[in-house]
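A.B. asks: dropping the sequence and predicted coords here.
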Amino acid sequence: MSNLKDTDGIEEQYTEHPYPAPISNMREQIEQGYRQGTSPGDTWHQLFPEKAYRDDLNILIAGCGTNQAVYHAMRFPNSHHYAIDVSDASLNHVKDMIKKYDIKNLEIEKKDIVELQHKNEFDYVISTGVIHHTKDPQESLSRLVETTKDDGALNIMVYAIYLRVGIYYFQDAFRYLGLKPTKEGIGTAKTLIELSPKNHYAHNYIEQITKSSGTRDLTFDAGFVDTFFNARDVAFDIFELKELINNAGAYLQCWIDNSQFYRYLINFSRAESLNETYNNFDPWELGDFIQKMSPSTGKFDFVLRKEKKYEHRYFYITDVLPSTYAHRYRLTDREKPDISSNKGGSIGNVNVEIKLDIIERIVWDNLNNKIEDVLNMSNDLFSKHGIDKELSFEELRGMLHRFWKNGYLSFSDK
C-alpha cells in the first residue's frame, strides 16, 4: 500500500478518470488482433537484439493503468508480471479482469515507483506515459533502472516538448479561467479549443494524435483530462532526456520508432559542407535537429539498457555486419509488386504508404534473414528476372541502414 500523500491531485485524477478507457473484453480484443507497443513478442529485437526470443520473463509494469498489465499477462502466460499503480479505479478494474479470466501470472499493488525496493530483479521493465507524471522523474527512472537485471531492458515513454508546447499553453489558459475536469469544465475546454485560431501550436498535436493508432486520447473524457487537465505533467527535449537517462545510470539503446528521430528529412548532397556536418551529428543531435525542423511527436518512446555496449546500437553503419539479421518491422504490403512491369509496389500501415522500387522490393521480401543471405537471395532473384543489377554488401548495408533510420526494419544478432 502506498504511503505517499496525494498532495497535488494526481491520484484523485486517475481515480476519477481511469486511464486509458478500460477494456472489459480483453481476450476477445486480443483474438481480434489488439496489440500494445510494449509487447515483448512484437518488439523483441528492439529490446534484446543479442538474445533469442523467450517468453518466460519476470516483468515489472510501473504505472499499469487499466489495461496494460491484463494485456501482457494474458498474451504471455509463461511470464510473471508485477504491476503497480496509484489509481484505485484502475487497480479495481485490473482485479476484476484477474477474476474474470482467472489470471494466475499477475500480481498487482498500489504503489508509487519510488517505493519500489527491488534490486536487479526484472528481465523487462515497462513504464510508458508515467514518469512525466511523477513528483520526481529522475528519482523514478533511477529506481526503475535499479529494479532491472544487468542484462535486462526497459521500455520507457515520456513526453517530448516538440509537439506538446501548445498543450501547455492551453493548460495554463484553462487554469486562468478556473476550469476543472468536470463534465462542464471539459465541455467548456473543448469549445475553447474549437474557437482557438487554427495556427495555434496545439492544433499540430491534435492533428497528429487524431491520426494516431494508439489510445486516441481526445476521443474520451479520461484521455482529454489526461492531456489538458493533468495535475502533474512535464515534457522533455532531447538533451533533457539525455541528462535524465545518464543520471539514472542507463544507456539509450534505440527508439521504438526511429523515423521520429533519424529519418532522412533533407537531402544535403548538393551542399558538401552542410552534408558533412549533417552526417557527423551524433544520435542526440540528429534527433533534436529532426524534431526542430519538422516537429512530429509529443513523446519519446525508447529502450534503455544497463550496459554501455548497447548504447545507440546500430546507429553507426559499421555496427551492421554480414552476420547481422534484418527484420521487417511494423510495415506490411500495401500494393503488391509486379516484377514483370518493374513495379515494386508499396509497404506501409494505416497511416503511411512507402513506394518501393523493384530493387528495394526484392530486398524487402528477402528480409527476416542474415544480411549476407539477403544479399545472395536478392542477387539471385535479380538474375532470375533479368534485372541488370548486382548489389554489393556495401550497397545493401546502406539501403538497410536507411530503412532502419526510417523505422522500416530492425536489426539483431540472432
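C.D. replies: Arrived safely, thanks for sending.
A.B. asks: the closest residue to residue 319 other than its chain neighbours - how many residues pack around it?
C.D. replies: Excluding the flanking residues, the one nearest residue 319 by Cβ to Cβ, 6 or more residues apart in numbering is residue 313, at 6.6 Å. Placement of C-beta: from N, CA and C, glycine included. Residue 313 has 20 neighbours, counted by other Cβ atoms under 10 Å.
A.B. asks: tell me the contacts of residue 313?
C.D. replies: Residues near residue 313 by Cβ atoms under 8 Å, 6 or more residues apart in numbering: 49, 253-254, 319, 411.
A.B. asks: just the strands in the stretch 51-200 of the chain please.
C.D. replies: 58-62, 80-85, 106-110, 122-128, 148-159 (DSSP state E, counting those that start in this stretch).
A.B. asks: please dump those into TSV; it should also carry distance to residue 331, mean neighbour count and mean pLDDT for every row.
C.D. replies: Listed next are those as TSV, based on distance: least, Cβ to Cβ, whole Å; neighbours: other Cβ atoms under 10 Å; pLDDT from 0 to 100:
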stretch	distance to residue 331	mean neighbour count	mean pLDDT
strand 58-62	27	24	98
strand 80-85	29	24	98
strand 106-110	32	18	98
strand 122-128	22	24	98
strand 148-159	20	21	98
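A.B. asks: with respect to residue 20, which of the ones you listed lies nearest?
C.D. replies: Closest of the strands of the stretch 51-200 of the chain to residue 20 is strand 122-128, at 11.0 Å (criterion: Cβ to Cβ).
A.B. asks: pairing partners for that closest one, with directions?
C.D. replies: strand 58-62 (parallel), strand 148-159 (parallel) (DSSP bridges).
A.B. asks: for the chain, which helix is longest?
C.D. replies: Taking DSSP state H as the criterion, the chain has its longest helix at helix 161-176.
A.B. asks: which of the residues in it are classified as buried?
C.D. replies: 161-164, 166-168, 170-171, 173-174 (16 or more other Cβ atoms under 10 Å).
A.B. asks: gap between that helix and the chain center?
C.D. replies: 23 Å (Cα atoms, centre = their mean, to the nearest Å).
A.B. asks: coming back round to it: the strands of the stretch 51-200 of the chain: which one's closest to residue 222?
C.D. replies: strand 80-85 (13.9 Å).
A.B. asks: so what's the residue nearest in space to the middle of the chain up against?
C.D. replies: Centroid-nearest residue in the chain, with Cα atoms, centre = their mean: residue 301, separated by 3.6 Å. When contacts are counted by Cβ under 8 Å, 6+ apart, residue 301 is found next to 37, 128, 155-157, 255-257.
A.B. asks: same check, this time on residue 177
C.D. replies: Applying Cβ under 8 Å, 6+ apart, the residues near residue 177 are residue 188.
A.B. asks: in terms of pLDDT, where does it sit?
C.D. replies: With respect to pLDDT, residue 177 scores 98.
A.B. asks: relative to residue 184, how far out is it?
C.D. replies: 12 Å (Cβ to Cβ, to the nearest Å).
A.B. asks: next one: residue 150
C.D. replies: Relative to residue 184, and taking Cβ to Cβ, residue 150 is found at 52 Å.
A.B. asks: likewise residue 406?
C.D. replies: 45 Å.
A.B. asks: point out where the stretch 1-150 of the chain drops to low pLDDT.
C.D. replies: The model of the stretch 1-150 of the chain has pLDDT under 70 over residues 1-8.
A.B. asks: which parts of it are helices?
C.D. replies: Remark: helices assigned in the stretch 1-150 of the chain by DSSP state H, counting those that start in this stretch are 10-16, 26-31, 44-47, 68-75, 88-101, 137-147.
A.B. asks: now for those helices, which one comes closest to residue 343?
C.D. replies: Among these, helix 44-47 sits nearest to residue 343 (Cβ to Cβ), with 29.5 Å.
A.B. asks: tell me what that closest one is packed against?
C.D. replies: With contacts defined as 3 or more Cβ pairs under 8 Å, 6 or more residues apart in numbering; DSSP states H and E, the packing partners of helix 44-47 are strand 409-412.
A.B. asks: listing partners with orientation, what would you give for the strand it packs on?
C.D. replies: Assessed with DSSP bridges, strand 409-412 is paired to strand 325-328 (antiparallel).
A.B. asks: now the partner strand: buried residues?
C.D. replies: Neighbour-count burial for strand 325-328 [16+ other Cβ under 10 Å]: 325-326.
A.B. asks: run the chain-centre distance for that strand.
C.D. replies: 19 Å.
A.B. asks: try stretch 143-157
C.D. replies: 16 Å.
A.B. asks: can you list the buried residues of helix 161-176 in a markdown table and add distance to residue 262 and pLDDT?
C.D. replies: Shown next, in a markdown table, are the buried residues of helix 161-176 (distance: Cβ to Cβ, whole Å; pLDDT from 0 to 100):
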| residue | distance to residue 262 | pLDDT |
| --- | --- | --- |
| 161 | 19 | 97 |
| 162 | 15 | 97 |
| 163 | 17 | 95 |
| 164 | 20 | 96 |
| 166 | 25 | 96 |
| 167 | 25 | 96 |
| 168 | 26 | 97 |
| 170 | 30 | 97 |
| 171 | 30 | 97 |
| 173 | 35 | 97 |
| 174 | 35 | 97 |
